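Chemist: show me the folded form of this:
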Amino acid sequence: MSANKTKGIVVFSGGSAANNLVDVFSTIREHKNCELSYVIPISDNGGSSSELIRVFGGPGIGDVRSRLVRLIPDHDDSEKAAIKVFFNYRLPKDRVAAKLEWLQIVDADHALWDNISTAEKELMRAILNLINFEIVKRVRASSTFDFSGASIGNLFLTGARLFTGSFESAIYLLSSICSVPAHTTVLPAINTNFTNHISAGLADGTIITGQNSISHPSEATALDASTTTPSETSETDAIEDANLPGTLPTLRKQYINFSKDDEEDLSARIERLWYINPYGQEIRLAANPRVVQAVKDAQAVIYSIGSLYTSLIPSLILKGVGAAISNPTIRHKILILNSTNDRETGPSTSPFTALDFIAAIAKGCAESRGWDGEVDEYDYRSYVTHLIYLAGPGTPKVDTDALQKLGIETMKVYGRKVEGENYMRYDEKALMQALEVTLGRRGRVDRLRRNTLEG
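Modeler: So this is what the prediction gives:
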């Protein structure tokens, strides 16, 4: 990086939850006049991504697509508004209706194309027709593509990856169509054309395989041979798709339909997360070199809200990330604490505290560096220096005295209660002010917002 160039900000996050804070991060970037990089994991194997992975292989692209589309500039431009709707659009849940509507889209006989210029429409159609052709080529008696609930943006990004042979180039193409500003970059945690899965180990010895099974209610699948019968293996191996013969059956399932509501508790706390090959064996993977470089060139690292073990940890445990974050020249390593605990940070009888979140982040970063033991609490500050949190019903417990003893500064932000729900949500202006105060921006403080902070 040039000596005269302002150091950037790196945000580790997943998809939907952090999308709500994009305007906050964009404003902070503008005030600091620097580059902004979003690091997104690629291990998701649920939703419409699961069908693309099953048929074509490749990374889980849903969170990357959703962030790129969320970054389309908000201004009075009917074409950009139409492109945002287009790439966020999902086909119907009914399988037959979904396929019929998909054919309407690739034939340009659909209202989604209204207000999109001919030049962009024909470029986008070329990619969609290519992915459609690839789908037709792969049709087998044992395996047909299910368009139910499919994201048009995910289909486009997969088609662009197949056309160029490069995930990075596909992201560049979608970024260009979405007019993502040059100062903001979306970086996949791993730059790959292959599928990478994760497993989680619980405190009671249970092992859960695959991100969807970790995040959402499903039967825990241990990796020992006793859990997979010969008939299950032969049944899945008879299906012609992108999976290698012998791939764990749980990694070959379709997870198109699942609910994020009423999530069941895990049987115990998650203790560790790791990457696996298709046969369930643990592997250590290197991070996207651009991610490591972005962290090395950063003035601040921010861990955004989202699922701890499926949105943050998969990026942090990659080789090169932990060492880059631990660099003491990065003065601000800020955790924006979730406003509530979810399935991954339970069970409800033993919910995670702020210190537990920080410990998990520190452990993930340490494992990235090859450390497989416990991390001393006084080393937590190598990875988290500041905590921003909400106070209110359902929020994780924060022991400010304990954190201050570890050298971790805390700042409480008063949010707003979600109507009809028993949990809080961050107020964007209050969070923005908290980040500005933490990062050291000097300027006029909005008098109406002075009472939103306690530090």
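Chemist: only C-alpha atoms from now on, for both contacts and neighbour counts.
Modeler: OK.
Chemist: hmm, who's touching the helix or strand His31 falls within?
Modeler: Using DSSP states H and E, His31 sits in helix 22-32. For helix 22-32, the external contacting residues (Cα atoms under 8 Å, 6 or more residues apart in numbering) are 9, 35-36, 70-71, 428-429, 431-432, 435-436, 441.
Chemist: these two touch, right, Val11 and Val301?
Modeler: Yes: in this structure Val11 lies within contact range of Val301 using Cα atoms under 8 Å: 6.0 Å.
Chemist: the nearest residue in space to Ser117 that is not next to it in sequence: what's it in contact with?
Modeler: Nearest residue to Ser117, sequence neighbours excluded (Cα to Cα, 6 or more residues apart in numbering): Glu79, at 7.2 Å. Glu79 makes contact with 115-117, according to Cα under 8 Å, 6+ apart.
Chemist: in CSV: those, plus neighbour count and distance to Ala323.
Modeler: Compiled in CSV, these are given as follows (neighbours: other Cα atoms under 10 Å; distance: Cα to Cα, whole Å):
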residue, neighbour count, distance to Ala323
Asn115, 15, 47
Ile116, 17, 45
Ser117, 11, 46
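Chemist: and of the residues you listed, the nearest to Asp204?
Modeler: Nearest to Asp204 among the contacts of Glu79 is Ile116, at 53.7 Å by Cα to Cα.
Chemist: what about that closest one, which helix or strand?
Modeler: Short version, using DSSP H and E: Ile116 is in no helix or strand.
Chemist: which pLDDT value belongs to the residue lying closest to it once chain neighbours are set aside?
Modeler: Among residues not flanking Ile116 along the chain, Glu79 sits closest, at 5.2 Å (Cα to Cα, 6+ apart). With respect to pLDDT, Glu79 has a value of 93.
Chemist: list the buried residues for stretch 133-142?
Modeler: 135, 138 (16 or more other Cα atoms under 10 Å).
Chemist: if we can go back for a sec, look at the residue nearest to Ile116 and tell me its secondary structure.
Modeler: Of the three states, Glu79 takes helix under DSSP: H, G, I helix; E, B strand; the rest coil.
Chemist: look up how far Ala119 lies from it.
Modeler: According to Cα to Cα, to the nearest Å, Glu79 stands 12 Å off from Ala119.
Chemist: just put the contacts of helix 22-32 in a markdown table and tack on distance to Ser175 and pLDDT.
Modeler: Formatted as a markdown table, the contacts of helix 22-32 follow (distance: Cα to Cα, whole Å; pLDDT from 0 to 100):
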| residue | distance to Ser175 | pLDDT |
| --- | --- | --- |
| Ile9 | 19 | 98 |
| Glu35 | 16 | 97 |
| Leu36 | 14 | 98 |
| Arg70 | 11 | 97 |
| Leu71 | 9 | 97 |
| Glu428 | 25 | 94 |
| Lys429 | 27 | 94 |
| Leu431 | 27 | 96 |
| Met432 | 25 | 96 |
| Leu435 | 27 | 97 |
| Glu436 | 28 | 96 |
| Arg441 | 30 | 62 |
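Chemist: and these, which of them are in helices?
Modeler: Counting by DSSP state H, the contacts of helix 22-32 place 70, 428-429, 431-432, 435-436 in helices.
Chemist: just how off-centre is stretch 318-336 within its chain?
Modeler: How far stretch 318-336 lies from its chain's middle: 18 Å, per Cα atoms, centre = their mean, to the nearest Å.
Chemist: same question, stretch 187-200
Modeler: Remark: stretch 187-200 is offset 11 Å from the chain centroid, using Cα atoms, centre = their mean.
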